[in-house]
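*Asks:* This is the structure alone, sequence omitted:
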């Protein structure tokens, strides 16, 4: 009704680390006139200067506080949220907002991307974390592999779709090359198994494979690449290749699919149940299997791949920031909260 006052829902996100994709999601959420959004980002003291500089861009236009996990707890000036989304259980600040008895009646949602694994730390987690986790009313996880862990931890209410990206940034990128290369962009860290990636590529070329492999990142062949150039690299690539032996819901694969690149991934990339319909999948740690999948990609590129790429884009579109806002809204409705 015209002139009727709009009810405002107060929403608090307490996050660890600074990521551009969450900045995009929060900005999309902040567009809502019925949402009063506040964000607390917990940072490590040794990274404070660098993070403070990055935050001006990543959190541009948002109502946020950067806090040191060992400093005094942030003062919200009497502002009291209707719902709290908090990352995990390691941060002292996150634990404060979850355990504070003054906020006992406020719904709290535990956000995490740790997948289920047959590891000691996962097996004993319900015993170690059980008392703390009882402060939460629900879990918010990326997909079904993390959902299994959430169930193991004892959560009854579990929502999927924790992550979102600005898909148009990748969809609308300019393609600068023919799809004649394989791409990796990321860290040179042990779990990424670049040794398997390079050995698998060597076997592929040894058997007549023609696609070039381009590695971008610190200490890699093509060096660091500016974030604004990554969508174009993905759009021009025949496939993005990820050989990780541990990778909880890698967003880089979602980005590549949005850009129109095929995916070659190990079976340890845990967004496969949601996104992997058309992936070329190999067993982690097996260069031989990777070489076979790279050959299959080359054959696919020489044919008509428009159907595959279109399906990939449609799958990725479910994780656009605007869709993420709808998922957050549905969580609030579960607790009978309305903006």
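*Replies:* Sure, I can see it. Here the structure is a predicted model, which means the values were calculated and not measured.

*Asks:* what about the strands in the stretch 101-250 of the chain?
*Replies:* 108-111, 138-141, 158-160, 181-185, 212-216, 239-242 (DSSP state E, counting those that start in this stretch).

*Asks:* Next, the angle from the helix or strand following the last one to strand 181-185.
*Replies:* What it means is strand 239-242. Following the chain from strand 239-242 toward its C-terminal end, the next helix or strand by DSSP states H and E is helix 251-259. Between the axis of helix 251-259 and that of strand 181-185 there is an angle of 140 degrees, by axes from the mean of the first three to the mean of the last three CA atoms, to 10 degrees.

*Asks:* How far off centre is helix 251-259?
*Replies:* Centroid separation for helix 251-259 versus its chain: 11 Å, with CA atoms, centre = their mean, to the nearest Å.

*Asks:* Which parts of it count as buried, going by neighbours?
*Replies:* Neighbour counts over helix 251-259 (16 or more other CB atoms under 10 Å) mark 251, 252, 253, 254, 255, 256, 257, 258, 259 as buried. C-betas here are computed from N, CA, C, even on glycine.

*Asks:* So what touches that helix?
*Replies:* For helix 251-259, the surrounding residues in contact (CB atoms under 8 Å, 6 or more residues apart in numbering) are 21, 163, 165, 167, 169-171, 173, 183, 185-186, 230-231, 234-235, 237, 240, 242, 263, 265, 269, 271, 275, 312-313, 315-317, 319.

*Asks:* Quick one: find the helix or strand in this protein with the lowest mean pLDDT.
*Replies:* Taking all helices and strands of the chain together, the one with the lowest average confidence (mean pLDDT, DSSP states H and E) is helix 48-58, at a mean of 68.

*Asks:* Next secondary structure after that one?
*Replies:* Read in the C-terminal direction, the helix or strand following helix 48-58 is strand 64-68, with elements assigned using DSSP H and E.

*Asks:* Please name the strands paired to whatever helix or strand comes next after that next one in the sheet, noting orientation.
*Replies:* Secondary structure here is assigned by DSSP H and E; on that basis, the next helix or strand after strand 64-68 toward the C-terminus is strand 83-87. Each strand pairing with strand 83-87, determined using DSSP bridges, is listed with its direction: strand 9-16 (parallel), strand 108-111 (parallel).

*Asks:* Check the average confidence over strand 83-87, would you?
*Replies:* Across strand 83-87, the average pLDDT comes to 96.

*Asks:* So which bits of the next helix or strand after it are buried?
*Replies:* Counting by DSSP H and E, the next helix or strand C-terminal to strand 83-87 is helix 92-99. Buried positions in helix 92-99, judged by neighbour count with 16+ other CB under 10 Å: 93, 94, 95, 97, 98.

*Asks:* ok, the third one touching residue 131?
*Replies:* Put plainly, it is residue 95. No: when contacts are counted by CB atoms under 8 Å, residue 95 is not listed as touching residue 131 (11.4 Å).

*Asks:* tally of neighbours for residue 302?
*Replies:* A count of neighbours around residue 302, defined by other CB atoms under 10 Å, yields 11.

*Asks:* next one: residue 36
*Replies:* Once other CB under 10 Å is used to define contacts, residue 36 is seen to have 17 neighbours.

*Asks:* Now name the helix or strand holding it.
*Replies:* Assigning secondary structure by DSSP H and E places residue 36 in strand 35-43.

*Asks:* That strand versus strand 64-68: what angle between them?
*Replies:* For strand 35-43 against strand 64-68, the angle between stretch directions is 20 degrees (the same axes, to 10 degrees).

*Asks:* Ramachandran angles for the closest residue to residue 92 other than its chain neighbours?
*Replies:* Across the structure, with CB to CB, 6 or more residues apart in numbering as the measure, the residue nearest residue 92 apart from its sequence neighbours is residue 69 (5.1 Å). Main-chain torsions, residue 69, degrees, to the nearest 10: phi -70, psi -20.

*Asks:* Quick check: residue 69 touching residue 42?
*Replies:* Yes: with contacts defined as CB under 8 Å, residue 69 counts as touching residue 42 at a distance of 5.0 Å.

*Asks:* between those two, who's got more neighbours?
*Replies:* Remark: of residue 69 and residue 42, residue 42 carries more neighbours, 24 against 16, as counted by other CB under 10 Å.

*Asks:* what does the model give the more buried one for pLDDT?
*Replies:* The confidence metric pLDDT takes the value 90 at residue 42.
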